[in-house]
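> Fold the following and give me the result.
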Amino acid sequence: MARRMTWEEIKRSYPDEWVLIMDYEADDDGEVSIGTVVRHSRDDKEIFALPPLGESGAFMYTGDGRLKAQVELQEA
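Presented below is the predicted three-dimensional model:
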């Protein structure tokens, strides 16, 4: 079972990779501060495959810059 990690731990564990973070908390600036990595890859196409419907997730890049997308997926 995956464990919750801080953003700094995620960056160290998955350098220069795309990650899908679930069960996350955001800081006062709206940035992910802690969460559970459920997918990671250097290939963004693998990460942008849909997570389970109805759950909120954050797509983030751990390399230079902080690209991110926070989504909430609902059943159609």
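
> Could I get the full set of helices for the chain?
Taking DSSP state H, the helices of the chain run over residues 7-13, 44-47.

> and the last one, C-alpha only, in PDB?
Extracted in PDB, the C-alpha atoms of helix 44-47 (Å, rounded to 0.1, in the frame of the first residue of the first chain):
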ATOM      1  CA  ASP A  44       3.100  12.000 -19.200                       C
ATOM      2  CA  LYS A  45       0.700   9.900 -21.300                       C
ATOM      3  CA  GLU A  46       0.900   7.200 -18.700                       C
ATOM      4  CA  ILE A  47       0.000   9.600 -15.900                       C
END
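
> Any buried residues in it, and which?
residue 47 (16 or more other CB atoms under 10 Å). From N, CA and C alone the C-beta is placed, and that goes for glycine too.

> Equivalent analysis for stretch 5-16, please.
Buried-residue list, stretch 5-16, by 16+ other CB under 10 Å: 5, 7, 10-11, 14.

> Could you list the residues in contact with it?
For stretch 5-16, the surrounding residues in contact (CB atoms under 8 Å, 6 or more residues apart in numbering) are 19, 21, 31-37, 40, 42, 60, 62-63.

> what are the ranges of the strands in this protein?
4-6, 18-26, 32-41, 56-61, 68-72 (DSSP state E).

> what sits against residue 27?
residue 33.
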